[in-house]
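1. Provide a 3D model corresponding to the input given below.
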Amino acid sequence: MRKHLAIFVFIIAGFFTCMLKAEENMTQKKEVAIFAMGCFWCGESEFRDHITGETLPGITSLRVGYAGGTRPHPTYESHTGYKEAVKVEFDPSIISYEKLLDIFWHNVDPFDSKGQFCDKGFPYTSVIYYQDGTQKKAALSSQQTVQKVLGREIATEIIPATTFYDAEEYHQNYKKKNLLRYRFYRWNCGRDQRLQQIWGGLSPLHEEKS
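-> Take a look at the predicted model:
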């Protein structure tokens with residue numbers, strides 16, 4: 001009898017644990033941010049821990065792909081009218097949109113209207129794609145702050161988001177899959193050297209509240 005009672009209690013406890021987890025998942029807030037930062041391999045890596053490679057706390061999904069175009073189903077070989085972009089799904093109760101904007105600004109050359117670093121042309125220019133009026137307001141505010149801090153006119157666009165298409169799977173988390181090639185490309189593209197020229201020694205624009 002005691003054995004059957006113990007099994008019954010175990011089953012009931014498991015049931016309520018599953019119910020609580022399901023409720024937690026349903027109440028978890030989720031928002032989307034989309035950024036074009038030049039090469040999407042490099043842009044994507046900035047939303048990960050540089051040591052572990054895991055997404056930053058609060059980021060629930062991270063994908064690279066193509067944004068801003070109109071033709072359906074772009075590919076890496078054919079994405080005319082699209083920019084390489086990063087799609088960040090996040091829980092704003094853990095990491096704010098303002099913090100994501102800070103990461104974005106510190107990892108682009110906001111003065112370059114022709115591309116980013118060694119990559120030139122429409123697919124590589126920097127853009128913040130806002131999802132709604134709240135994101136638009138935050139993006140414009142951050143742009144004004146950057147312009148004030150750096151003392152120059154900003155070339156980065158802030159425009160409404162359109163359909164985002166995932167890039168091919170081999171592009172996802174490229175740094176982890178092809179570390180040597182990633183490092184070789186990044187160094188030769190001059191990305192970090194240029195970022196140091198622009199942002200070296202400057203404090204973050206936004207600090208999360210603890």
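
2. for the most centrally placed residue in the chain, helix, strand, or coil?
-> Residue closest to the mean C-alpha point of the chain, counted by CA atoms, centre = their mean, is V88 at 4.1 Å. When classified by DSSP: H, G, I helix; E, B strand; the rest coil, V88 comes out as strand.

3. Which of the helices or strands spans I103?
-> helix 97-105 (DSSP states H and E).

4. after that helix comes which helix or strand?
-> strand 115-116.

5. Which strands border that next one, and is each parallel or antiparallel?
-> strand 119-120 (antiparallel) (DSSP bridges).

6. Tell me the strands beside the helix or strand following the partner strand, with direction?
-> Next in sequence after strand 119-120, counting helices and strands by DSSP H and E, comes strand 127-130. According to DSSP bridges, strand 127-130 forms sheet pairs with strand 31-36 (antiparallel), strand 157-160 (parallel).

7. which of the residues in whichever helix or strand comes after strand 127-130 are buried?
-> Using DSSP H and E, the helix or strand that directly follows strand 127-130 along the chain is helix 133-150. Using 16 or more other CB atoms under 10 Å as the test for burial, helix 133-150 gives 135, 138-139, 142-143, 146. In this view, the C-beta of every residue, glycine as well, is placed from N, C-alpha and C.

8. what do you get for stretch 42-58?
-> 42-48, 55-56, 58.

9. That one - what's its average pLDDT?
-> Averaged across stretch 42-58, the pLDDT comes to 97.

10. OK, contacts around the closest residue to G121 other than its chain neighbours?
-> Distances taken as CB to CB, 6 or more residues apart in numbering place G115 nearest to G121, at 5.6 Å, with adjacent residues excluded. Residues in contact with G115 (CB atoms under 8 Å, 6 or more residues apart in numbering) are 38, 121, 124-125.

11. Among those, list the two that are farthest apart in space.
-> Maximum pairwise distance in these, criterion CB to CB, is 10.4 Å, between G38 and G121.

12. quick one: low-confidence ranges for this protein?
-> Within the chain, the ranges that satisfy pLDDT under 70 run 1-28, 203-204, 206-210.

13. quick one: buried residues of stretch 164-182?
-> The neighbour-count check on stretch 164-182 (16+ other CB under 10 Å) flags 164-165, 167, 171-175, 182 as buried.

14. Need these in a markdown table (columns: distance to W105 and secondary structure).
-> Shown next, in a markdown table, are those (distance: CB to CB, whole Å; DSSP: H, G, I helix; E, B strand; the rest coil):
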| residue | distance to W105 | secondary structure |
| --- | --- | --- |
| F164 | 20 | coil |
| Y165 | 25 | strand |
| A167 | 23 | coil |
| H171 | 23 | helix |
| Q172 | 24 | coil |
| N173 | 23 | coil |
| Y174 | 22 | helix |
| K175 | 21 | helix |
| Y182 | 22 | helix |
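
15. what's the helix or strand for Y76?
-> With DSSP H and E as the test, Y76 turns up in no helix or strand.

16. wait, what's in contact with it?
-> Shown in contact with Y76 (CB under 8 Å, 6+ apart): 167-168, 171.

17. For H79, grab phi and psi.
-> Main-chain dihedrals, H79, degrees, to the nearest 10: phi -140, psi 50.
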